[in-house]
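K.L.:
next comes the sequence, and after it the predicted model I'd like to discuss.
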Amino acid sequence: MDYIDPHIHMVSRITDDYETLSRMGCVAVSEPAFWAGYDRGSVDGFRDYFRQLTEVEPKRAANYGIQLFCWLCINAKEAENVALSREVIAMIPEFLDHPNVLGIGEIGLNKNTKNESITFLEHLELAIKYEQSILIHTPHLADKYQGTRMILDMLSDDSRINRDRVLVDHVEEHTIGEVLDRGFWAGMTLYPVSKCTPERAVDMIEMYGPERLMANSAGDWGPSKPTAVPDLIFEMRRRGHSETLIRKIVYDNPIEFFSQSPNFNNHFQSR
Ligand SMILES: [Zn+2]
């Protein structure tokens, strides 16, 4: 089955992974900007990273028939440095017209600090000013519930935010309900060490239905499995779900959400 991974960090993966993804049916990926495993020292470090996401990585993906789209931001971990964050946010518009850029992300919170919130709100201003979609990272484990609530409150407090254009990622059983109830899109991250397994993701699809719901691998430089979305497809088949429902989660829904970004509409090619 053709599928799209809506959240995967291919800059961290080897070329063999592209080949495997392609053989498993992956036709497109969306790659949010994230933490590189170390704090970058200057705005130029981010400028080079954004060139990698917009110029280099799409070519590597295209060699295997995969279209690579991306999102730009300074991630929540480095957002603790408000001065650097402001420099990065001021530089991002240089890249927004690039044909593979879908919006601002993955922004959010890490340790739920005041500085992270300041940078989050300034990213929202950027997204509103340039009419960009938003992709959100919610915190890990112990910080997830409170951090997700803080994020949803900041989003809901701003009437200029169009909730149809916001994807809240890494939802789990204790956060998915509120994300969907408040009218946002939700992403389930299938991760071997935390977040969510394919089995738990299918449970959530069965409990909440398929509307505004997607699944991703978040494949990155840590323990992660870039082929986790096919694992979800297999688990849904094993439980007897229809091909139509499976396709909605792994293909139709990502297209519906991404199509709100003009660059996706203009450049995505379905097979
Ligand atoms: Zn990520």
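P.N.:
Received it, and whenever you're ready, just let me know what you need. Numbering: from 1, shown residues only.

K.L.:
what segments of the stretch 101-250 of the chain are helices?
P.N.:
Assigned by DSSP state H, counting those that start in this stretch, the stretch 101-250 of the chain shows helices spanning 114-129, 144-156, 176-181, 198-208, 228-238, 243-247.

K.L.:
buried ones in the shortest one, by neighbour count?
P.N.:
Taking 16 or more other C-beta atoms under 10 Å as the basis for neighbour counts, the residues of helix 243-247 that come out buried are 246-247. The way it works is simple: take the backbone N, C-alpha and C, and place the C-beta from them, glycine included.

K.L.:
the residue located most distally from the centre of the chain and the ion: what is the separation?
P.N.:
Relative to the C-alpha centroid of the chain, counting by C-alpha atoms, centre = their mean, residue 240 is the outermost residue, at 28.0 Å. Distance from residue 240 to the ion, counting by C-beta to the ion, to the nearest Å: 31 Å.

K.L.:
can you check residue 147 too?
P.N.:
The value you get for residue 147 to the ion, if C-beta to the ion is used, is 15 Å.

K.L.:
got the contact list for the closest residue to that residue other than its chain neighbours?
P.N.:
Of all residues not flanking residue 147 in the chain, residue 139 sits nearest, at 3.7 Å (C-beta to C-beta, 6 or more residues apart in numbering). Shown in contact with residue 139 (C-beta atoms under 8 Å, 6 or more residues apart in numbering): 76, 108-112, 147-148.

K.L.:
what residues does the stretch 101-250 of the chain put near the ion?
P.N.:
residue 218 (C-beta under 5 Å from the ion).

K.L.:
rewinding a little: ranking the helices of the stretch 101-250 of the chain by burial, who's on top?
P.N.:
Of all those, helix 228-238 has the most neighbours on average by mean count of other C-beta atoms under 10 Å, namely a mean of 20.

K.L.:
got the phi/psi numbers for the residue nearest to residue 147?
P.N.:
The phi and psi values for residue 139, taken as degrees, to the nearest 10, are phi -60, psi 170.

K.L.:
distance of it relative to residue 151?
P.N.:
From residue 139 across to residue 151, the span is 9 Å (C-beta to C-beta, to the nearest Å).

K.L.:
which positions within stretch 250-261 qualify as buried?
P.N.:
Quick answer for stretch 250-261 (16+ other C-beta under 10 Å): 250-254, 257-258, 260-261.

K.L.:
just to revisit the earlier point, dump the helices of the stretch 101-250 of the chain to JSON lines, plus mean pLDDT.
P.N.:
Shown next, in JSON lines, are those (pLDDT from 0 to 100):
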{"stretch": "helix 114-129", "mean pLDDT": "98"}
{"stretch": "helix 144-156", "mean pLDDT": "96"}
{"stretch": "helix 176-181", "mean pLDDT": "97"}
{"stretch": "helix 198-208", "mean pLDDT": "97"}
{"stretch": "helix 228-238", "mean pLDDT": "97"}
{"stretch": "helix 243-247", "mean pLDDT": "98"}
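
K.L.:
so which of those helices gets nearest residue 17?
P.N.:
helix 228-238 (11.9 Å; C-beta to C-beta).
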